[in-house]
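Engineer: Sequence unavailable; structure follows:
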């Protein structure tokens, strides 16, 4: 990460990753616990998928290693997609909240 633009997009993708894995609760403590549980529950699958894609990319590039920031960006990408799909799965089946 050499340029300011790369640093900004890296942190924006990290923030978007956290937002897509955010699970709301009745209070702040419940929200933090649910979000951390969501990340811990999905991280092994996301890391495994990222590992497979990185291995494939390195194979296609003739064994040249990807920089660490690109690896983490790929992790964030798959985490954002997985968090979005899992969020739809979690929230789509719930009954509407009555007032």
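Structural biologist: On my side now, so go ahead. Being a predicted model, the structure only gives us computed values, none of them experimental.
Engineer: tell me, what residue is most central in this structure?
Structural biologist: Residue closest to the average C-alpha location in the chain (CA atoms, centre = their mean): residue 79, at 2.3 Å.
Engineer: Where does that one fall, secondary structure wise?
Structural biologist: Under the criterion of DSSP states H and E, residue 79 resides in helix 68-92.
Engineer: which residues sit against that helix?
Structural biologist: Taking CB atoms under 8 Å, 6 or more residues apart in numbering as the criterion, the residues outside helix 68-92 that touch it are 1, 6, 10, 13-14, 16-17, 20-21, 23, 38, 42-43, 45-47, 49-50, 53-54, 66. (C-beta placed from N, C-alpha, C; glycine too.)
Engineer: Recalculate using a threshold of 6 Å.
Structural biologist: Contacts made with helix 68-92 from outside it, assessed by CB atoms under 6 Å, 6 or more residues apart in numbering, are listed as 1, 13, 16, 17, 20, 21, 42, 46, 49, 50, 54.
Engineer: Show me the two of those that sit farthest apart.
Structural biologist: Checking the contacts of helix 68-92 against each other with CB to CB, the farthest-apart pair comes out as 1 and 42, at 25.2 Å.
Engineer: any idea how far residue 4 is from the residue nearest to the centre of the chain?
Structural biologist: Taking CB to CB, to the nearest Å as the criterion, residue 79 is separated from residue 4 by 24 Å.
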